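Asker: What follows is a predicted protein model with its sequence.
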Amino acid sequence: MAKTNEPTIIKKYANRRLYNTGTSTYVTLEDLAVMVKGEEDFVVYDAKSGEDITRSVLTQIIFEQEGKGQNLLPVTFLRQLIRFYGDSMQGLVPSFLEYSMTSLTKEQEKLRSQMSEAFGATAFDAIEDQVKRNTEMFERAMKMFMPFPTGEAGSAPGSTAGGNAVKPEKTEVADLDDMKRQLEEMQKTINKLSDKS
């Protein structure tokens, strides 16, 4: 559907189904998330009462994304946010968060363009891929130091059920060294980009 100046109206029925009046189709929260990412504005109304429930539906979308493991909201942030409810500062929080997100979005675009200029159009994707690989290596490295790996609560670290010592595999040590090297390279790249701005 082409973008218009008017937001698309979504109606939520008692059976929890969402109806897109613009396309005359039922949609899911995932479909609404795609609309948000595509910067297509919409408003959600309760079909029976006519109440604007856009905020609660957007919150549901965030809840679903967080449930899928795409965690953007740190636990500390969530706790602090909950503490602001009913506080005298509550009125300032929405405008502060909106300003912060606008600034973050502008900085994100600036960083993307700098990365593209320095390393080409696919540089940001390459760095995201590298971060994922580094995270995986970090998790593997941390498993080497966990005192009780999953399913072996009775075993001491570095031992087997028979009491024979187990040495960490060379590949895990190499992965850890590789991860350190890659992190240093990424830090140098970030420092170079910071110097340019």
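Answerer: Sure, I can see it.

Asker: What is the helix or strand containing residue 110 packed up against?
Answerer: Secondary structure assignment for residue 110, by DSSP states H and E: helix 93-119. Contacts defined by 3 or more C-beta pairs under 8 Å, 6 or more residues apart in numbering; DSSP states H and E place helix 93-119 against helix 123-145, helix 170-196. C-beta: built from backbone N, CA, C; applies to glycine.

Asker: again, 10 Å this time
Answerer: helix 75-84, helix 123-145, helix 170-196 (3 or more C-beta pairs under 10 Å, 6 or more residues apart in numbering; DSSP states H and E).

Asker: Span of stretch 41-50 from start to end?
Answerer: 18 Å (C-alpha to C-alpha, to the nearest Å).

Asker: residues in contact with that stretch?
Answerer: 3-15, 17-22, 27, 32, 35-36, 51-58, 60 (C-beta atoms under 10 Å, 6 or more residues apart in numbering).

Asker: list the contacts for the closest residue to residue 62 other than its chain neighbours?
Answerer: By the measure of C-beta to C-beta, 6 or more residues apart in numbering, the closest residue to residue 62 outside its immediate chain neighbours is residue 73, 7.5 Å from it. Neighbouring residues of residue 73 by C-beta under 10 Å, 6+ apart: 62, 63, 65, 66, 81.

Asker: Tell me which two of these sit farthest apart.
Answerer: Pairwise distances among the contacts of residue 73 were taken by C-beta to C-beta; the largest, 16.4 Å, belongs to 65 and 81.
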